[in-house]
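Undergrad: Just to be clear, the model below is a prediction. Sequence and coordinates:
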Amino acid sequence: MDDALMKKLVPLRERIDELDARILELLTERARTALQVGEAKQHVQGPVFRPEREAQVIRRLQQLNGGPLPASSVAAIWAEIMSACRALEQPARVAYLGPEGTYSEQAALEHFGHAIEPQPCASFDDVVRAVETGRADFGMVAVENSNEGAVNRTLDLLLTASVKVLGERSIDIRHCLMTRSGTLEGVTRVLAHPQALAQCRGWLTANHPGLACEPAASNAEAARLAAQDPSLAAIAGEQAARHWKLGIVAAGIQDDPHNRTRFLAIGQTDPGRSGRDKTSLILAVPNRAGAVYRMLAPLAENNVSMTRLESRPARTGEWEYYFYVDVEGHREDPNVAAALAALQQQAAFFKVLGSYPRCP
Ligand SMILES: C=C(O[C@@H]1C=C(C(=O)O)C=C[C@H]1O)C(=O)O
């Protein structure tokens, strides 16, 4: 480096070292204070993780923030700080669809931070079972994709599972083409989950029509196989390339640049109100004319906005359905409470999955 540049850099780097030392001092003080909160909570047997409090902490800092850091960076940094503070009391055991490098893992780490005990599972069923049996404190399951719609297996599991929804997280799905060498030399086949292959079909046809596409159990599994075989390419997320030590040939190859997947955090506790919440529920109505129309009327009458409506067949052979409804607000908000009471009265089936802070 030339002398003039070094002259400028040295004092700036000294300043950064000084600031880092101060930040560490403050983080230490914060961690000690969080531990005191933990001690105070022990007497009341409350849960360590309070999603509503963490959502409020992040929202407040985003409001205080005047830049240049974007709001999303403030959220990501404090999610990690709170994860580390929580882990001092008790690291959360978090179940998600594995192996290492899945989008589910990414969603779990973004939501709960890195200071967790990760529990990669073989299926969504296993994730839900781990939370039901107490093997895991929390789980993360995919519930909808902006291209492909509902993740039906998750919806079906939520119908009967004894778990509560306590959070949501949407992540960008950014598929990459990856190989052992980081090039396509000697590569004849590309492996990925069928969903990912479908999402990259246009790009593959336009750019590499000679590659044979083959399905894999998951994208991370495709990456694991590509790490062993130089004739294979995989389509997966960047985190899978990192984990399986693959080179990225091309990034962002999904045909829709806005491809996103929404995940639900599940557990056994009910978050309190954070001031910006959502409530998820499942309803069934008798199979009669106007029943669905009447089913939703209490929402409008109580000024409750519906953000999502999904249906799944009830499997009675009678053309009956379960409706999965997301509304804005917490079940303890007066208008939501009134709407839910009315819905429950007329529904043949009624289950509140949970109220939780809206996606940051
Ligand atoms: C410290 C607490 O416990 C946990 C850690 C938090 C934090 O580090 O800010 C916030 C909420 C809880 O998940 C608390 O309840 O305030």
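TA: Perfect, thanks for sending it.

Undergrad: Please make it C-alpha for all contacts and neighbour counts, starting now.
TA: Will do.

Undergrad: which ones are touching the residue of the stretch 251-360 of the chain found nearest the ligand?
TA: Closest approach of the stretch 251-360 of the chain to the ligand (CA to the nearest ligand atom) occurs at Pro271, with a separation of 10.3 Å. Counting by CA atoms under 8 Å, 6 or more residues apart in numbering, Pro271 touches 50-52, 166, 355-357.

Undergrad: Out of these, give me the one that has the most neighbours.
TA: Highest neighbour count within those: Tyr356, with 31 neighbours (other CA atoms under 10 Å).

Undergrad: Is it correct that it falls within a helix?
TA: No: with DSSP: H, G, I helix; E, B strand; the rest coil as the criterion, Tyr356 is assigned strand and is not in a helix.

Undergrad: My read is that it contacts Arg169, right?
TA: No: with contact defined as CA atoms under 8 Å, Tyr356 does not reach Arg169; the gap is 11.1 Å.

Undergrad: could you measure the residue of the stretch 251-360 of the chain closest to the ligand against Thr28, distance?
TA: 27 Å (CA to CA, to the nearest Å).

Undergrad: picking up where we left off before, and the two most separated of the contacts of Pro271?
TA: Arg50 and Ser355 (12.7 Å; CA to CA).

Undergrad: Could you list the contact residues of this structure toward the ligand?
TA: 34, 37, 48-51, 53-54, 82, 85-86 (CA under 6 Å from any ligand atom).

Undergrad: make it 5 Å
TA: Applying CA under 5 Å from any ligand atom, we find that the chain lies next to the ligand at 34, 49-50, 54, 82, 85-86.

Undergrad: need the residues you listed in a markdown table with pLDDT, can you?
TA: Below are these laid out as a markdown table (pLDDT from 0 to 100):
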| residue | pLDDT |
| --- | --- |
| Ala34 | 94 |
| Phe49 | 94 |
| Arg50 | 95 |
| Glu54 | 97 |
| Met82 | 98 |
| Cys85 | 97 |
| Arg86 | 96 |
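
Undergrad: Looking at the residues you listed, which are in helices?
TA: 34, 54, 82, 85-86 (DSSP state H).

Undergrad: which of these count as buried?
TA: Among these, those buried by neighbour count (16 or more other CA atoms under 10 Å) are 34, 54, 82, 85-86.

Undergrad: Closest one to Ala226 out of the residues you listed, please.
TA: Nearest to Ala226 among these, with distances taken as CA to CA, is Met82, at 36.1 Å.

Undergrad: check contacts around that closest one.
TA: Neighbouring residues of Met82 by CA under 8 Å, 6+ apart: 54, 113.

Undergrad: and if we set it to 10 Å?
TA: Contacts for Met82 (CA atoms under 10 Å, 6 or more residues apart in numbering) come out as 30-31, 34, 49, 54, 57-58, 88, 112-113, 115.

Undergrad: Write the PyMOL selection for whichever of those residues are buried.
TA: Entered in PyMOL, the line below selects the buried ones among the contacts of Met82, by 16+ other CA under 10 Å:
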select buried, resi 31+34+49+54+57+58+112+113+115
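
Undergrad: Could you dump the contacts of Met82 into a markdown table and include distance to Asn287 and secondary structure?
TA: Conversion of the contacts of Met82 to a markdown table gives the following (distance: CA to CA, whole Å; DSSP: H, G, I helix; E, B strand; the rest coil):
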| residue | distance to Asn287 | secondary structure |
| --- | --- | --- |
| Arg30 | 56 | helix |
| Ala31 | 55 | helix |
| Ala34 | 52 | helix |
| Phe49 | 41 | coil |
| Glu54 | 42 | helix |
| Val57 | 45 | helix |
| Ile58 | 44 | helix |
| Leu88 | 52 | helix |
| Phe112 | 41 | helix |
| Gly113 | 44 | coil |
| Ala115 | 48 | coil |
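
Undergrad: What is the nearest of the contacts of Met82 to Ala240?
TA: The closest of the contacts of Met82 to Ala240 turns out to be Gly113 (CA to CA; 17.8 Å).

Undergrad: who touches both of Arg50 and Ser355?
TA: Joint contacts of Arg50 and Ser355 (CA under 10 Å, 6+ apart) are 166, 270-272, 274.

Undergrad: just these now: which is nearest Val10?
TA: For those, the minimum distance to Val10 (CA to CA) is 44.7 Å, reached by Ser274.

Undergrad: Near that closest one, how many other residues are there?
TA: The burial count for Ser274: 22, using other CA under 10 Å.
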